[in-house]
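Peer 1: could you work out the structure for the sequence below:
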Amino acid sequence: MAEFKHLVLVEFKPDVDVDQLLKEMKNLVAQLDLVKSFVWGKDMESHEMLRQGFTHAFMMTFISKDDFTAFISHPDHVNFSTTFSAAIVKALLLDFPVVSVKPPVDNPKPEELIDVKPAEVADAKTEEVADVKPPEVVDVKPAAAVVVDIIPAAVVDVQAPVAVAP
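Peer 2: You can find the predicted model right below:
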């Protein structure tokens, strides 16, 4: 069964406290396990002619259409929808099953890239790295450097990015 998306584009009325409305929306989705994920954003790039007045986008993901149907009929959603509808000039809604062409990739967090804990670096003994030569640095345009030797984990500064050659 395919995931199901609920996409809402809106233009808020000028006097609306959007931050308060967002807080209420976040509380709603946090309380209901039916919502698998919720993302939102404010348009910052589109030309006015292309956005047609819509300023904000909200997207919820559900495991199935049945979960979406249960969500929209849930009393908390019905109550929030009344408040939300009163705050907007116009809205465009699209509800659709997901057709995955290229699934999202989970990018590793920076701390997962190098498996060295700060305590290990701080506890490293000088004699353990006495035979380590400094890395050879090659000048690369524009004024960047590439490390071409592999640096032992004991001397990696986990506070600064490190480029290590394969």
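Peer 1: from now on I want contacts and neighbour counts done on CA atoms only, so please keep to that.
Peer 2: Fine.
Peer 1: let's verify residue 101: helix, strand, or coil?
Peer 2: For residue 101, the secondary structure call by DSSP: H, G, I helix; E, B strand; the rest coil comes out as coil.
Peer 1: and the helices in this protein?
Peer 2: Per DSSP state H, the chain carries helices over the ranges 18-31, 48-51, 65-73, 75-86, 110-113, 118-123.
Peer 1: hey, least reliable of those by pLDDT?
Peer 2: Mean pLDDT per stretch puts helix 118-123 lowest among these, at a mean of 51.
Peer 1: okay, now residue 18: neighbour count?
Peer 2: 15 (other CA atoms under 10 Å).
Peer 1: one more: residue 71?
Peer 2: Residue 71, neighbours per other CA under 10 Å, totals 19.
Peer 1: who are the contact partners of it?
Peer 2: By CA atoms under 8 Å, 6 or more residues apart in numbering, the contact list for residue 71 reads 32, 34, 35, 77.
Peer 1: show me what residue 59 bridges to in the sheet.
Peer 2: Counting by DSSP bridges, residue 59 is bridged to residue 7, residue 39.
Peer 1: any of the contacts of residue 71 buried? List them.
Peer 2: Using 16 or more other CA atoms under 10 Å as the burial test, the contacts of residue 71 include 34, 35, 77 as buried.
Peer 1: columns distance to residue 56 on top of those residues, output as a markdown table?
Peer 2: Converted to a markdown table, the buried ones among the contacts of residue 71 look like this (distance: CA to CA, whole Å):
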| residue | distance to residue 56 |
| --- | --- |
| 34 | 23 |
| 35 | 19 |
| 77 | 19 |
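Peer 1: sorry, back to before: quick one, which of the helices of the chain is nearest to residue 12?
Peer 2: Among the helices of the chain, the nearest to residue 12 by CA to CA is helix 18-31 (7.7 Å).
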